[in-house]
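3D model of this:
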Amino acid sequence: MDEPDLIDRAKQGDVAAFNTLVLTYQEAVYNYAVYVAGDADIAADATQDAFISAYKKLNSFRDGNFKAWLMRIARNKCLDQLRKRQRHPQPSLDEMTEDNESLSILASSTPGPESRHEESELLDAVGQCLDALPEEQRTTVVLRDVEGFEYAEIGQILSVSLGTVKSRINRARRRMQDCLQDVMELLPDRYRLHSDVI
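Coordinates of the predicted model:
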C-alpha cells in the first residue's frame, strides 16, 4: 500500500482511496477506542465519527504519521461520546464479553479448551486491571504496549510532552503489575511468578 499516494488521491476526492485507508486502519482505531472508552458501543460510534471527521479534515493533514493523526481524532471522538452519554445516560444492553476483539491481540494461538479457558482468565484479569487505571494512563499504555506506537508518536496523539508520556507509561505499568499480583492466585499456574528458592 502506498499510503502517501492514497492520501493524496483521497484529498482530491477519490473516495475509493479513502476507503482503502479506512479498511487499513479501522480495526486498530476501533480497538484503541474500546480501550479509551471502555465500552464497545461507544467505541463503534466514536470510530465511525473519527473516520467521518478525518475525511472532512483530510486537507488539513500534512506529512507525518497518518495512523497517529487518526488515533488522535479517535481519542477526541471517544471523549466526545463519553461526555455526551454522561449528559444523557442510556442503559447498556450489551456487556463486553470474553469474545471482545480488542483483547484478541493478547490471546495465544495455543489450541484446546483448557488453554482457551486459561487465556480467558488471563484476559479477564488484564482487562480488569486496565479498566482500573486512570483514563490517561490506560490510554497511554495501550498506545505503547498494545498498538506499538513510539513515545514521540504517543505524545503527538495525546498532545502531551515526551516526559509526560514516559511518566504515564511508568505509572501505568507499575499499577498493572501491582493489580496483576493481587489476582495472581486466580490465574493459571503458567502465568504466576515463581520463586526458585525452596
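
in the protein, which residue is most central in space?
residue 32 (2.2 Å; C-alpha atoms, centre = their mean).

and the next element down the chain from the helix or strand hosting that one?
Per DSSP states H and E, residue 32 falls inside helix 15-37. Later in the chain than helix 15-37, the nearest helix or strand by DSSP H and E is helix 40-56.

quick one: list the elements packing against the helix or strand just after that next one.
Counting by DSSP H and E, the next helix or strand C-terminal to helix 40-56 is helix 66-87. Contacts defined by 3 or more C-beta pairs under 8 Å, 6 or more residues apart in numbering; DSSP states H and E place helix 66-87 against helix 15-37, helix 40-56, helix 151-158. C-beta here means a position set from N, CA and C on the backbone, and glycine is covered the same way.

pLDDT of helix 66-87, averaged?
For helix 66-87, mean pLDDT is 85.

that helix to helix 40-56, inter-axis angle?
Calculated by axes from the mean of the first three to the mean of the last three C-alpha atoms, to 10 degrees, helix 66-87 forms an angle of 130 degrees with helix 40-56.

quick one: contacts of helix 66-87?
Here helix 66-87 makes contact (C-beta atoms under 8 Å, 6 or more residues apart in numbering) with 3, 7, 21, 25, 28-29, 32-33, 36-37, 42-43, 45-47, 49-51, 53-54, 57, 61, 139, 143, 147, 149, 153, 156-159.

can you select the buried ones from those residues in ChimeraX?
Typed into ChimeraX, the line below selects the buried ones among these, using 16 or more other C-beta atoms under 10 Å:
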select :7,21,25,28,29,32,33,36,37,42,43,45,46,47,49,50,51,53,54,139,143,147,149,153,156,157,158
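
flag the shaky bits of this protein, pLDDT-wise.
87-120, 122, 182-198 (pLDDT under 70).

please repeat the previous calculation with a cut-off of 50.
Where the chain drops to pLDDT under 50, the residues are 90-110, 195-198.
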